[in-house]
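Chemist: coords please:
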Amino acid sequence: MKSKNLSEKILRSVKSKGFKYIDLPSVIEANHIVQRSGENFRKFIFSFTDQNGSELCLRPDLTIASCLRYLENNLKGKEKIFYSGQAYRKSQNKKDSIIRDQVGFEIIGSQDEKNDDKEIINTSLKLLKDFRYSSGTLTVGNVEIFNLLISKLDIPKRWKLRLSRHFWREDYFNDLLQRLETNSDVDPTIVEVDKRRYLKMLKNDQSSIVAGRTIKEILERFDKKIKDPRKPSRGRNISKIIREFLRIKCPIDKAANELNKFFKKYKINLVVDQKYFPISKNKVSKLNVVFSTAFGRQLEYYTGMVFKIDIKSKSKIVNCCNGGRYDKLISDLGSKKQIPAVGAALNLNNSL
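Modeler: Numbering: from 1, shown residues only. Presented below is the predicted three-dimensional model:
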């Protein structure tokens with residue numbers, strides 16, 4: 001009853017901010033989840049096969065269900081929507097509930113990125129007044145800054161793609177950094193073979209076709225592979241830069257200054273303005289506001305600003321809200337164009 005009353009209060013509050021209520025399906029196609037989160041995520045979902053042989057699952061995430069609705073109904077333009085319901089997900093911790101009661105709200109299809117980010121955070125903060133807590137932390141991160149850093153580093157393209165793609169898989173990401181330090185993905189024997197092939201093909205007719213490509217195209221690819229940096233010392237230096245970047249954590253009003261000091265130290269051509277962040281106050285109500293470069297690794301679909309709110313309630317710290325920007329999610333689900341989206345969800349199970 002307590003949770004129900006809280007949910008009703010929150011829903012009224014979200015509606016007062018101009019969001020429109022929608023219903024979401026409880027069952028979706030499993031491949032939508034697996035494609036976004038990888039086969040490894042399959043063990044966390046409740047799936048089954050229907051009479052037509054299609055694999056379906058109980059929704060483990062309300063955001064994907066919402067984005068599918070926008071796509072499948074061929075909706076256009078800006079929508080401010082909210083919804084409530086349960087998400088179903090297994091956990092590695094046996095004490096965790098498999099059912100999560102949530103209230104979510106999103107802004108989809110709007111080009112006003114910075115103001116939308118602020119609105120989602122401000123709406124989350126307004127809803128927090130219905131929670132009982134003594135103190136807490138609002139943590140803000142930004143996946144886009146990490147990807148910009150990776151794009152500027154002097155490493156092979158294959159490494160840039162790997163590090164950006166697997167940022168959200170923390171253990172595997174750390175393993176990638178260890179491999180980068182030794183270039184252990186490169187077989188020296190194969191490198192030498194490539195070099196011999198390269199020199200031999202230079203003498204051939206550049207317009208000749210081999211396996212569907214011209215020799216010129218093949219040589220261009222070989223040229224990139226041969227010129228990839230392969231010295232372990234360079235890999236160790238890049239790994240050091242990335243690890244140091246991911247240790248940056250500070251009050252939110254110091255975020256731009258700390259990042260710019262880091263970029264200057266390593267001669268990285270990036271500059272961040274403090275206005276880039278959706279909030280600059282170090283204290284909001286009973287929350288301390290911090291910036292963390294390492295935050296944002298919970299879900300693969302985040303592309304920009306991310307945040308979470310942890311509160312202290314009855315002598316324990318609980319996570320009550322998570323959100324962020326996911327501009328590529330709808331196109332990854334099948335849209336022919338990229339549609340901006342940002343949102344957040346409150347976990348009512350942690351509302352004590």
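Chemist: Leaving out the residues flanking it, which one is nearest to residue 104?
Modeler: Among residues not flanking residue 104 along the chain, residue 345 sits closest, at 4.0 Å (CB to CB, 6 or more residues apart in numbering). Bear in mind the C-beta positions are built from the backbone N, C-alpha and C, glycine included.
Chemist: Surely the one you found forms part of a helix?
Modeler: No. Using DSSP: H, G, I helix; E, B strand; the rest coil, the assignment for residue 345 is strand, not a helix.
Chemist: hang on, it packs against residue 103?
Modeler: Yes. Assessed by CB atoms under 8 Å, residue 345 is found in contact with residue 103 at 6.8 Å.
Chemist: re the thing from before, counting neighbours, what do you get for the residue nearest to residue 104?
Modeler: Neighbours of residue 345 under the rule other CB atoms under 10 Å: 24.
Chemist: Now do the same for residue 216: helix, strand or coil?
Modeler: helix.
Chemist: ok, it touching residue 209?
Modeler: No. Residue 216 is beyond contact range of residue 209, at 10.3 Å (criterion: CB under 8 Å).
Chemist: which element is residue 321 on?
Modeler: Using DSSP states H and E, residue 321 sits in strand 316-325.
Chemist: Check residue 87 too.
Modeler: Secondary structure from DSSP H and E places residue 87 in strand 79-88.
Chemist: Which other helices and strands does the next helix or strand after that strand contact?
Modeler: Next helix or strand after strand 79-88 toward the C-terminus (DSSP H and E): strand 99-108. When contacts are defined as 3 or more CB pairs under 8 Å, 6 or more residues apart in numbering; DSSP states H and E, strand 99-108 packs onto helix 2-16, helix 62-72, strand 79-88, helix 113-127, strand 341-347.
Chemist: how does the protein divide into domains?
Modeler: Per the record, the chain has its domains at 2-150+243-350, 187-227, by automatic domain parsing.
Chemist: got any ranges where the chain has weak pLDDT?
Modeler: 1-6, 36-40, 183-195, 198, 211-212, 222-233, 350-352 (pLDDT under 70).
Chemist: looking at it, which residue lies furthest from center?
Modeler: residue 203 (46.9 Å; CA atoms, centre = their mean).
Chemist: On the three-state scheme, it is what?
Modeler: coil.
Chemist: give me phi/psi at it?
Modeler: phi -90, psi -10 (degrees, to the nearest 10).
Chemist: With residue 217 as the reference, measure out to it.
Modeler: With distances taken as CB to CB, to the nearest Å, residue 203 is found 17 Å from residue 217.
Chemist: Check residue 128 too.
Modeler: For residue 128 relative to residue 217 (CB to CB), the value is 56 Å.
Chemist: Which one's more surrounded, these two?
Modeler: Remark: of residue 128 and residue 217, residue 128 carries more neighbours, 21 against 13, as counted by other CB under 10 Å.
Chemist: Excluding chain neighbours, what is closest to that one?
Modeler: Using CB to CB, 6+ apart, the closest residue to residue 128 is residue 309 (6.7 Å).
Chemist: Within the helices and strands, which one has that neighbour?
Modeler: Here residue 309 sits within strand 305-313, counting by DSSP H and E.
Chemist: For that strand, which strands pair with it and how are they oriented?
Modeler: Sheet pairing for strand 305-313, assigned by DSSP bridges, gives strand 135-142 (antiparallel), strand 316-325 (antiparallel).
Chemist: give me the number of residues near the closest residue in space to residue 339 that isn't next to it in sequence?
Modeler: Residue nearest to residue 339 in three dimensions, not counting chain neighbours: residue 330, with 4.4 Å by CB to CB, 6+ apart. For residue 330, the neighbour count with other CB under 10 Å is 24.
Chemist: Quick check: residue 330 touching residue 70?
Modeler: Yes. Assessed by CB under 8 Å, residue 330 is found in contact with residue 70 at 6.2 Å.
Chemist: anything in contact with each of these two?
Modeler: Common contact partners of residue 330 and residue 70 (CB atoms under 8 Å, 6 or more residues apart in numbering): 108, 339.
Chemist: returning to what we had before: so the residue nearest to residue 339, which of the three states?
Modeler: helix.
Chemist: gap between it and residue 23?
Modeler: 19 Å.
Chemist: for residue 101, same thing?
Modeler: Distance of residue 101 to residue 23, computed by CB to CB: 16 Å.
Chemist: who has more neighbours, the two?
Modeler: For the pair residue 101 and residue 23, the greater number of neighbours falls to residue 101 (19 against 9), based on other CB under 10 Å.
Chemist: Quick one: name whatever helix or strand follows the strand or helix carrying residue 236.
Modeler: Assigning secondary structure by DSSP H and E places residue 236 in helix 232-245. Proceeding N to C from helix 232-245, the next assigned helix or strand is strand 249-251, under DSSP H and E.
Chemist: Give me the helices and strands touching that following strand, please.
Modeler: Partner elements for strand 249-251 (3+ CB pairs under 8 Å, 6+ apart): strand 287-292.
Chemist: For the strand it packs on, buried residues please.
Modeler: 287, 289, 290, 291, 292 (16 or more other CB atoms under 10 Å).
Chemist: State the distance from the fourth one to residue 300.
Modeler: Applying CB to CB, one obtains 21 Å for the distance of residue 291 from residue 300.
Chemist: residue contacts, residue 206?
Modeler: Contacts of residue 206 (CB under 8 Å, 6+ apart): 214, 215, 216, 219.
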